[in-house]
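# I'll drop the sequence and a predicted model, then ask my questions.
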Amino acid sequence: MKVVIVGGVAGGASAAARLRRLDENAQIIIFERTGYVSYANCGLPYYIGGVIKDKEDLTLQTPESFKERFNIDVRVLSEVTSIDRAAKKVIVRDLSTGKTYEESYDKLILSPGARPVVPDVKGVNSKRIYTLRTVEDTFRIRQAAVDNGVKSAVVIGGGFIGIETAENLKEAGLDVCLIQRSAHVLSQIDDDIASFLNNRIRKAGVDLRLNSPLEGFEETENKIRVLIRDKAPAEADIAILAVGVAPDSDLAKEAGLETGIKGSIAVNDRMQTSDPDIYAVGDAVSITNSVTGKKAVITLAGPANKQGRIAADNIAGTDHRYKGSHAASVLKIFDMTAAFVGINEKTAKAEGIDYGKIIISPASHASYYPGGRVMTAKVLFEKGSGRILGAQIAGFDGVDKRLDVIATAMQAGLMVTDLADLDLAYAPPYASAKDPVNMIGFVAENIAEGKVKQFYYEDLPSLTQNKSVMLLDVRTIEEYRRGHIAGFDNIPVDELRDRIGELDKSKPLYVICQSGLRSYIACRMLSLNGFDCYNFAGGYRLYASMKEAYFDSGCATDCGLNRTK
C-alpha cells in the first residue's frame, strides 16, 4: 500500500507516524511545502519573545529523523498543486527547482492546515506587515522585531495568535499596541470572564484598543500606520496581522471534494472525504461540535493529532471513529491563564438552549497555605437536564487543572451536579479539600434544590433603579469603603443576625460580597428567616473587573450603572 500525505505538522505527521506503527510495509510519502515537516506550531510566538531560545527546539522531527526512525519519505519544499482522483495521483512542484512531477497513491491524506486571513483593505501588502503561520514566518518576525532593533509593533487581532504574539513582543522589549474589533479579547469566552484578560493585558503595558475595526494601512517614511474606523490611527515600526484563519481547502475544492462550513473539507467520523480513498485531517476540516451536535471548524493541535491517528487507523484496517470535540483550550496571558471548553453564552442563545450559569471565585489552593491566588470560574449548564455546556476560567495557578476536569466530565456525560461528587486529589499546596470543581457542583445542587437563587451582572442596571427591592453588601466596612455599587447598603455578614430587623421582609433582597461565598451564607441565613433572597454570582470582584475593563476605559456605555462609586 502506498499512502501520500499532503502537509505535515500536527495532523499529517501524526498520521504518518501512526500508520508506520501499524504497517511496517506501507510506502509513506509526506509532501510539505514549507521547509519544516513537524514543528511546534503553538510555540512559534515564544521563539519571537525569546522564551524558546534555540530555533532548533521548534523542530520536533526532520526529514532525516523521520526516515531514520520511521522509514518515511519526507519531501519538504514540495507543493502538491493538484489531485487527479481518477488516476489516483498528485502533481507536485519542487519549490527549490521549479520542476513538477507526478506521484501515485493508493490512499491520500490531506493535512493542509489553515491560512491566515488577510483582509481586503488598502495598504495590506506593505512589507512592514507580517502574518504568523510557519516557522519561516517566525524567523522573519524575530529578525525584524528583535535582531533588527525594531522598537514598536501593532498587533491586529485579539485571538490566540494575536495575544501570544503581543505578549512575546512586549516581553522582548517592544512597545506594543493590540487592536481588537470587538469589546474584548478571545471571542470564545464571555465578556465577564474576558474582563480579567483585558485588564491583565493593559497592566502589562500593552496599549489594548477595543471596539476598533481595522480599515487599512498607510506607510510613512519609516513607520506603518494602522487605520481604525472612527478612531485615531495606531503607528509602529511593524504590524502583525492576526485576525483569524481560514481552512486551506483550495486543493480539495479543485479536486471536486465535498466542502462544508467556511469552505472546510467535509469528512465523516473516519476522517474520509467524499472520495473514500482520500482522508483529511486538521485545521482544514469540519468536525462535529460535541455540545451543539453541529459541524464546526476547530483549529486546535489536540484534535488535529487525534484526527491524524484515526485516519491512519482506518487506512490500516482498524475501524476507529472521531467523536467530535468540545474544543478545550488554554492560553497564557503574561502571568495569567485563561482556559475554556464547550460553548459560551452567545452560542447558547443562538442555539436556543435554555441555560443556567454558575460563577464562583475560589482560591487555587487552601487559603492558609502561602501563595494561593483567586480564579474566577464560570460554568454553563442546560436547565432541566443539567448537561454541562461549557466552562471558562481566568486566574493563575491551577486553572488548567480545573478546566481539564470539567472537560473530562463533559466527555464522560456527567451532569453539572455530578461535579460535587468527584473525588479529586487534595493537599494544601495544590488544592482545597472542597476543590473549585466540587464547589461548582455544590452550587449546582443548591440551585437545583432551591436552596439558592442567583442574580447576575446584567441584572444590576434594573435593580439599582428599583425602589421595590433591597440591595445589601455583606462585606466588611473596610471593603465597602474601598469600593461598592451605589444603592447597596452595608451590613457585614457577621453582624447580620443582630441587625436583621433593619431589613424589610416584604421586599426581595439582593445580596453581594467579594466572591459570592459570604453572600451565599447571608442568603441562607435570611431565607431561613423568611426573606426572598438572591445571591450575586461572581461577587464584587467580578463587578469591579467588568467596570475596569469596559467602563473606565471608555470602551462601552455603562449600562445605566452611572451611580457606581
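Received, thanks.

# Report how many residues lie close to Glu258.
12 (other Cβ atoms under 10 Å). Using the backbone N, CA and C atoms, a C-beta is placed for each residue, glycine as well.

# tell me the contacts of it?
Taking Cβ atoms under 8 Å, 6 or more residues apart in numbering, we find Glu258 in contact with 265-266, 273-274.

# can you tell me which of those residues lies nearest to Phe381?
Proximity of these to Phe381, judged by Cβ to Cβ, is greatest for Ala266, which lies at 31.2 Å.

# Any figure for the gap between the closest one and Val118?
Noted for Ala266: a distance of 25 Å to Val118, by Cβ to Cβ, to the nearest Å.

# So those two - more neighbours on which side?
Regarding Ala266 and Val118, a neighbour count based on other Cβ under 10 Å identifies Ala266 as having more, with 19 against 13.

# List the neighbouring strands of the lowest-mean-pLDDT helix or strand in the chain plus their orientation.
Taking mean pLDDT, DSSP states H and E as the measure, the helices and strands of the chain show their lowest mean at strand 38-39, namely a mean of 74. For strand 38-39, sheet partners with direction are given as strand 59-61 (antiparallel), following DSSP bridges.

# Tell me the helix or strand right after the partner strand.
helix 63-70 (DSSP states H and E).

# And the next helix or strand past that following helix?
Sequence-wise, the next helix or strand beyond helix 63-70 is strand 73-76, with elements assigned using DSSP H and E.

# Identify each buried residue in the next helix or strand after that next one, please.
Past strand 73-76, further along toward the C-terminus, the next helix or strand under DSSP H and E is strand 78-84. Buried positions in strand 78-84, judged by neighbour count with 16 or more other Cβ atoms under 10 Å: 78-80, 83.

# can you give me the helices in the stretch 401-550 of the chain?
Listed in chain order, the helices of the stretch 401-550 of the chain (DSSP state H, counting those that start in this stretch) span residues 436-448, 460-463, 477-482, 517-527, 539-546.

# ok, Cys42 - contacts?
Contacts here follow Cβ under 8 Å, 6+ apart; on that basis Cys42 touches Ala301.

# Tabulate the helices of the stretch 401-550 of the chain in CSV, adding columns for mean neighbour count and distance to Ala377.
Output for the helices of the stretch 401-550 of the chain, formatted as CSV (neighbours: other Cβ atoms under 10 Å; distance: least, Cβ to Cβ, whole Å):
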stretch, mean neighbour count, distance to Ala377
helix 436-448, 22, 6
helix 460-463, 17, 21
helix 477-482, 13, 22
helix 517-527, 21, 13
helix 539-546, 23, 11
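
# can you put those helices in TSV and add distance to Lys253?
Putting the helices of the stretch 401-550 of the chain into TSV (distance: least, Cβ to Cβ, whole Å) gives the following:
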stretch	distance to Lys253
helix 436-448	44
helix 460-463	48
helix 477-482	59
helix 517-527	54
helix 539-546	44
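
# Now distance to Thr259 and mean pLDDT too, for those, in CSV please.
Written out in CSV, the entries for these read as follows (distance: least, Cβ to Cβ, whole Å; pLDDT from 0 to 100):
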stretch, distance to Thr259, mean pLDDT
helix 436-448, 39, 96
helix 460-463, 45, 94
helix 477-482, 56, 96
helix 517-527, 50, 96
helix 539-546, 40, 95
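
# For Asp250, find the nearest of those helices.
helix 539-546 (42.6 Å).

# Any figure for the gap between Gly158 and Ala232?
To Ala232, Gly158 is 19 Å away according to Cβ to Cβ.

# ditto for Thr476
Here the distance between Thr476 and Ala232 works out to 43 Å (Cβ to Cβ).

# Those two - which one has more neighbours?
Neighbour tally, Thr476 and Ala232, criterion other Cβ under 10 Å: the higher count belongs to Thr476, 17 against 9.

# Could you count how many residues lie near the residue nearest to the more buried one when sequence neighbours are not counted?
Leaving aside its chain neighbours, Thr476 sits nearest to Pro492 (5.3 Å; criterion: Cβ to Cβ, 6 or more residues apart in numbering). Pro492 sits with 18 neighbouring residues when counted by other Cβ under 10 Å.
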